[in-house]
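K.L.:
I'll drop the sequence and a predicted model, then ask my questions.
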Amino acid sequence: MKIALIPGSFDPVHNGHLEVVERASRLFDEVVVAALRNPQKSESLFDLDERRTMLEESLSHLSNVRIVSVSTLVVNVARDVGATVIVKGLRAVSDFENELQMAQMNRELSGVETLFIPTSSAHSFIASRLLREVARFGGDVTGFVPKVVAQRLEEKFSGE
């Protein structure tokens, strides 16, 4: 059985993420999506449990996808779930440089390969950071995120 791991902060999950997971689900027997705490990113808007729940709700239509949330190295998660490959989505060339370094480090640490899946041009500009900013100032993000995520963003910022 070929198992792929798709790690990310998913804060929040958006349609570009969903596209990559859906495409990977057609390539692998099982896809494990891991919501990770990323210490390099600023404080998260949603905690790990909230992100895991939004992923579960957004990806429930895919029977070969399961969700985990962890605070450890990606290669440890890959080992724990039996993944033979790490899948990463790329929006633009600017994503590639950082992702390439991580892929090389992960391969050296564990032997696990990384597969890059470019998003379609329809999703290439979507970034969680931008969505948080738009939602914070009352902008409409419904075209960029699953319905459950749009609702949670609205709830999160309705009190500000």
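P.N.:
Received, thanks.

K.L.:
Just to check, A127 is in contact with R91?
P.N.:
Yes: A127 is within contact range of R91, at 7.3 Å (criterion: CB atoms under 8 Å). Quick note: C-beta positions are derived from backbone N, CA and C, even for glycine.

K.L.:
tell me which residues in stretch 80-90 are buried?
P.N.:
V81, A83, V85, I86, V87, K88, G89, L90 (16 or more other CB atoms under 10 Å).

K.L.:
Inside helices: which ones of these?
P.N.:
V81 (DSSP state H).

K.L.:
separation between V33 and L5?
P.N.:
Distance of V33 to L5, computed by CB to CB, to the nearest Å: 8 Å.

K.L.:
Just the residues contacting the helix ranked longest in the chain, thanks.
P.N.:
Assignment by DSSP H gives helix 93-110 as the longest helix of the chain. With contact meaning CB atoms under 8 Å, 6 or more residues apart in numbering, helix 93-110 is reached by L73, V74, V75, A78, R79, I86, K88, L90, V112, E113, T114, F116.

K.L.:
So which bits of it are buried?
P.N.:
In helix 93-110, counting by 16+ other CB under 10 Å, buried: D95, E99, A103, N106, S110.

K.L.:
Tabulate the contacts of helix 93-110 (TSV), appending distance to T53, pLDDT and secondary structure.
P.N.:
Converted to TSV, the contacts of helix 93-110 look like this (distance: CB to CB, whole Å; pLDDT from 0 to 100; DSSP: H, G, I helix; E, B strand; the rest coil):
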residue	distance to T53	pLDDT	secondary structure
L73	23	93	coil
V74	21	95	helix
V75	25	95	helix
A78	23	96	helix
R79	25	96	helix
I86	23	98	strand
K88	23	97	strand
L90	26	95	strand
V112	27	96	coil
E113	30	97	strand
T114	27	98	strand
F116	28	97	strand
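
K.L.:
Understood, closing this out.
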